[in-house]
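In: attaching a predicted model along with its sequence, questions to come.
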Amino acid sequence: MPRSATPAAVARQVRTLLRDTFGLSRLRPGQLAVIDRVLAHQPTLAIMPTGAGKSLCYQLPALILEGRTVVVSPLIALMKDQCESLRELGIAAVQMNSAIDSEEAKAAEAAMADGSARIIMTTPERLAEPGFLEKLTTHPVALLAIDEAHCISQWGHDFRPAFLEIAHALPRLGHPVVLALTATATEDIARDICQQLGIPGDGVVNTSAYRPNLDLRVVPVAREADKLAQVLKLVKATEGSGIVYTATVKAAQAVYEALLAADESVGLYHGKLPAAERTQAQEAFMDGERRVMVATNAFGLGIDKPDIRFVLHYQLPATLEAYYQEAGRAGRDGGTARCTLLFLRGDKAIQQFFMAGRYPGEEDAQAIVQALKDKPAEGGAWTLPLLQARVGRPKSKLQVALGLLRKDRIVAMARDGSLRLAARLPKGSRVRELTEGYGRKRDLDREALERMVFYAQTGQCRWRVVLEHLEGEAPFERCEHCDNCRRIAAHEAVVEDLLRRKESEPEEEAHEESDSPVFTRGDLVEVRRYGRGVVEEATATQVTVAFADRSRRSFLPEYVKRARAAKAKAAASGAPA
């Protein structure tokens, strides 16, 4: 549909496609806002929770906009599922990634060349290849959709260096409409995504991350040996399919073997398994042939299985964003699902170990600059594999350092993928500034890990902690359906029961007690600003009170009143107790 089409004509076409092609009667509010912006050719960042229908936000506009749609995603497994689903709907979609065979690749290239491919799904690594970009530009690109867009931000929990190439590809693609999509983005991450992709500040559509069907729980454990026993207990006690996440391959193997020995229907998925085994395990889980999947975080991005009833974390994730992403794979059908974290204090050290090797330093960036001053020993031009062999750095560090140097125009990449230094070499201090600037991420990641530990240890409403982190505020004090909210409610019920019992005591006894400020353990009291609580300990100079929110505070005796007396006074004045 041309840009000159009236809003009414666009709305009619949206309704028709929604009904006739996708079989849906209406759009959700968040979807509608995003689709309206895309069809108005406005760059947009959509922050929508798992299960909110992000895919439709680019699939539907792809059938209306003049030109093809390119979808960039790190989720190869999801590409396969989405391509098959789109083809079943009669939509010409192709995928280009390392997992497809040569026959499918040839068919996809032919569809790209003749213009019949309406939607092209690919990875950021493939988008960075100059030859592939040439093939994409044989026909106009109307929309560039970036899924899991938090991966583009160096401040994000799942930063992937290859995503830095997307911004470089935009001019080559003719500056199409940009739609970035993610389930999680803090204010800093959202700002970084927008800056990199040229999305204005008012181009962010953020629907709430709150999902009331997810029941959040934490189970503290004292020893590593206790965790396996808890996994067996919790998996056995929970009906339906589920995922058990571990932080390490070693732990995944141990949990898998324990569940297998307990006759559970279980699969195993981690990055060190051969691709064929990973695919087989994933398909068995998706088809219901395996009830439980034990996996590292290599499994799950984009997994569209609606009936997952539980997600159990065997080890502490690195951030609340990562935890929300992984736990959010449960209950996509809207049914109740349990999201449980086993918390062992020592697990924090695992994430600290992973952090240690994640950040390029000045010496890594200088090694690249020094290498590019010379010709490769093999002759020709520098490529990423040749550079990696020369500098001897891990690929992830090398890609981040290259991304920083390219962003600052110290290093340039030609259309054939070759790398070279810019005409003017940087001052020594400039490379240091770049890497030190990125080094700030180390501090932020440490803060994020501490926030994850706080979530595990807090006595507050868990959903409130999650929403305050992701969105800056929560619309409630309590969700009423996490483990802490249930504990608080149970404690309050006990307090109210004790109050009723105290109120039924003889009046003269009350007068005797009220003449003295001395308290004993178990007394029901009230403290201004904090409400009612139970005395845990009392001396002549200090009273320690436990409140319904599980907090404990100490006061001078004169600031503590017996709850019954306070209630009687309120009743006399006609105010609520």
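Out: Ah, there it is.
In: and the biggest helix by length in the chain, which residues are buried?
Out: If you go by DSSP state H, the chain has its longest helix at helix 428-457. Neighbour-count burial for helix 428-457, counted by 16 or more other CB atoms under 10 Å, picks out 431, 434-435, 438, 441, 444-445, 448-449, 451-453, 455-456. No exception for glycine: its C-beta is placed from N, CA and C like everyone else's.
In: make CSV out of those residues and add distance to V525 and pLDDT.
Out: Shown next, in CSV, are these (distance: CB to CB, whole Å; pLDDT from 0 to 100):
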residue, distance to V525, pLDDT
V431, 63, 82
L434, 59, 80
T435, 57, 80
Y438, 53, 73
K441, 48, 75
L444, 42, 81
D445, 43, 83
A448, 39, 88
L449, 38, 91
R451, 33, 93
M452, 35, 95
V453, 32, 94
Y455, 31, 95
A456, 31, 94
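In: closest to R528 among those residues?
Out: Ranked by distance to R528 (CB to CB), the buried residues of helix 428-457 are led by Y455 at 30.2 Å.
In: surely that closest one touches L320?
Out: Yes: the pair Y455 and L320 qualifies as a contact (CB atoms under 8 Å) at a distance of 5.9 Å.
In: what do the two both touch?
Out: Shared contacts of Y455 and L320 (CB atoms under 8 Å, 6 or more residues apart in numbering): V465, V466.
In: how far off centre is the helix or strand following the longest helix of the chain?
Out: Downstream of helix 428-457, the next assigned helix or strand under DSSP states H and E is helix 462-471. From the chain centre to the centre of helix 462-471 is a distance of 13 Å (CA atoms, centre = their mean, to the nearest Å).
In: again, but for stretch 58-78
Out: Taking the mean of its C-alpha atoms, stretch 58-78 sits 21 Å from the chain's own mean (CA atoms, centre = their mean).
In: end-to-end on that stretch?
Out: 15 Å (CA to CA, to the nearest Å).
In: isn't K272 right up against V249?
Out: Yes: at 5.4 Å, K272 counts as touching V249 under the criterion of CB under 8 Å.
In: would you map out the domains in the protein?
Out: Here the domain parsing of the chain from automatic domain parsing is 7-206, 214-351, 357-423, 498-573.
In: report the distance from the second one to the chain centre.
Out: Put plainly, it is domain 214-351. That offset, for domain 214-351, works out to 16 Å (CA atoms, centre = their mean).
In: any buried residues in stretch 104-122, and which?
Out: For stretch 104-122, a neighbour-count test (16+ other CB under 10 Å) marks A108, A111, M112, A117, R118, I119, I120, M121, T122 as buried.
In: quick one: the fifth one from E148, how far?
Out: As defined by CB to CB, to the nearest Å, R118 lies at a distance of 22 Å from E148.
In: and the fourth one, by the same measure?
Out: With the distance defined as CB to CB, A117 ends up 22 Å from E148.
In: just the last one next, same as before
Out: When CB to CB is applied, the distance between T122 and E148 equals 13 Å.
In: so for those two, which residues contact both of them?
Out: S73.
In: how about L342, secondary structure?
Out: strand (DSSP: H, G, I helix; E, B strand; the rest coil).
In: mind checking pLDDT for the nearest residue in space to L89 that is not next to it in sequence?
Out: Distance criterion CB to CB, 6 or more residues apart in numbering; nearest residue to L89, sequence neighbours excluded, is T21 at 5.7 Å. pLDDT recorded at T21 is 89.
In: give me the phi and psi for T21.
Out: Here is the backbone geometry of T21 (degrees, to the nearest 10): phi -100, psi -50.
In: same check, this time on Q196
Out: Taking degrees, to the nearest 10, you get phi -70, psi -30 for the backbone angles of Q196.
In: isn't it right up against A167?
Out: Yes: between Q196 and A167 a contact is recorded at 5.1 Å, counting by CB under 8 Å.
In: returning to that earlier point: between helix 462-471 and the longest helix of the chain, find me the angle.
Out: 160 degrees (axes from the mean of the first three to the mean of the last three CA atoms, to 10 degrees).
In: where in the stretch 451-577 of the chain is pLDDT low?
Out: For the stretch 451-577 of the chain, the stretches with pLDDT under 70 are 498-499, 502-517, 564-577.
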